[in-house]
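> have a look at this prediction, sequence included:
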Amino acid sequence: MLQEIEKKTLLMLRVLREVRRPVGARMIARQMSDSGVHLSERAVRYHLKLMDERGLTQLIGRRDGRIITDVGIDELDNARVRDKIGFTISRIESLAYKTTFHPGKREGLLPVNISLFRANRFETAREAMQPAFAAGMGVSNLVAVAQAGQRLGNMIVPEGMVGFATVCSIVINGVLLKNGVPMDSKFGGILQIKNGKPMRFVEIIYYSGSSLDPSEAFIRGNMTSVQSAVEQGEGKILANFREIPAISLEQVETLIDDLKRAGIDGMLSRGMISEPVCQIPVDMNKVGIILRGGLNPVACAQETGIEVENWAMSTVMSYSDLKPFDET
């Protein structure tokens, strides 16, 4: 019983941290249902009162709702490991399911990463990211920019910050899923580029055993050299490894072409049936695929010393709300 209460508490704290503004029980209940936990608004209010008493949350006002406190953030960061394991893979599956983007019609929802830059540094960051976008290092050159108080998906941009949304590689999972093709997401990693071509993974984090998106961890650890990969053809970039059934290869190639025509080009490399890709073994009757990390341009900005706060695999946005990077 206590374990179940603790799990619900952690999920509520996670919702509050992601939303980053005061919210009420109704929105929290709705967000929890997206994660497969169904509670009534009354039950959510009951748990929130207990969390107030523990100092994890703070009631701002009956109409405004609650926010997460510093104590709550600390509790979430130090939560039991077993409650975190597998969170990343479940997030991938959830966002793939929420994807409704139709490449041919160029409409629908697609998954994005959200990055926050200090407002007085955003123009410098934009200049640092430009070469990476021009070189096609991201999943797409379609982005969205929001000022303080504006919304990107379900996130409100905080005061003093500029929000920046980039297309997430999970869009490919989602489009394939909607067309009946399962995609097995294996891991995210650091891919070594040599002579402008993918060579091998030098670091990997498996999604099934991680509570944090690998891209966030690698950027935070200053483990990329995207700028060098762009300028010299040699460096280390963010990439993801997936597998698809061999029988679906022809259909997948058609869908990838449709995505390219819509301005989304996430595939970096693919192998032959049951053959390794960039030294990564592939299961029998499967095809290995390497996808670019959507946060590569953002990593390029951080490499120049610009601070950035990232939420990889953050939310979904309408395709119509995105525009080419050069038009931002």
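Cool, got the structure. Residues are numbered from 1 along each chain as shown.
> and the helices in this structure?
2-19, 25-34, 41-53, 70-77, 81-84, 87-98, 122-134, 170-178, 214-220, 226-232, 249-261, 296-303 (DSSP state H).
> return the most buried member of the ones you listed.
helix 296-303 (a mean of 26; mean count of other Cβ atoms under 10 Å). Quick note: C-beta positions are derived from backbone N, CA and C, even for glycine.
> okay, the angle between it and helix 122-134?
On the basis of axes from the mean of the first three to the mean of the last three Cα atoms, to 10 degrees, helix 296-303 is oriented at 130 degrees to helix 122-134.
> now for this protein, the helix or strand with the poorest mean pLDDT.
Ranked by mean pLDDT, DSSP states H and E, the weakest helix or strand in the chain is helix 81-84, scoring a mean of 53.
> list the contacts for the spatially closest residue to residue 100 that is not a sequence neighbour?
Of all residues not flanking residue 100 in the chain, residue 108 sits nearest, at 3.9 Å (Cβ to Cβ, 6 or more residues apart in numbering). Contact criterion Cβ atoms under 8 Å, 6 or more residues apart in numbering gives 99, 100, 101, 102, 318, 319 as the residues in contact with residue 108.
> could you rerun that using 7 Å?
Contact analysis of residue 108 by Cβ atoms under 7 Å, 6 or more residues apart in numbering lists 100, 101, 102, 319.
> contacts only, for the closest residue to residue 224 other than its chain neighbours.
With sequence-adjacent residues excluded and distances taken as Cβ to Cβ, 6+ apart, residue 224 is closest to residue 299, at 4.4 Å. Taking Cβ under 7 Å, 6+ apart, we find residue 299 in contact with 219, 224, 226, 238.
> residue 267: which of those residues is nearest?
residue 238 (14.4 Å; Cβ to Cβ).
> what's the local residue count around the spatially closest residue to the closest one that is not a sequence neighbour?
Nearest residue to residue 238 in three dimensions, chain neighbours excluded: residue 293, at 2.8 Å (Cβ to Cβ, 6+ apart). A total of 33 residues lie near residue 293 under the criterion other Cβ atoms under 10 Å.
> check what pLDDT residue 293 gets.
pLDDT, residue 293: 96.
> swap in residue 319?
So residue 319 comes in at 97 (pLDDT).
> doesn't residue 101 make contact with it?
Yes: assessed by Cβ atoms under 7 Å, residue 319 is found in contact with residue 101 at 5.7 Å.
> so what sits against both of those two?
The contact sets of residue 319 and residue 101 overlap at 108, 110 (Cβ under 7 Å, 6+ apart).
> tell me the bridge partners for residue 162.
Using DSSP bridges, the bridge partners assigned to residue 162 are residue 117.
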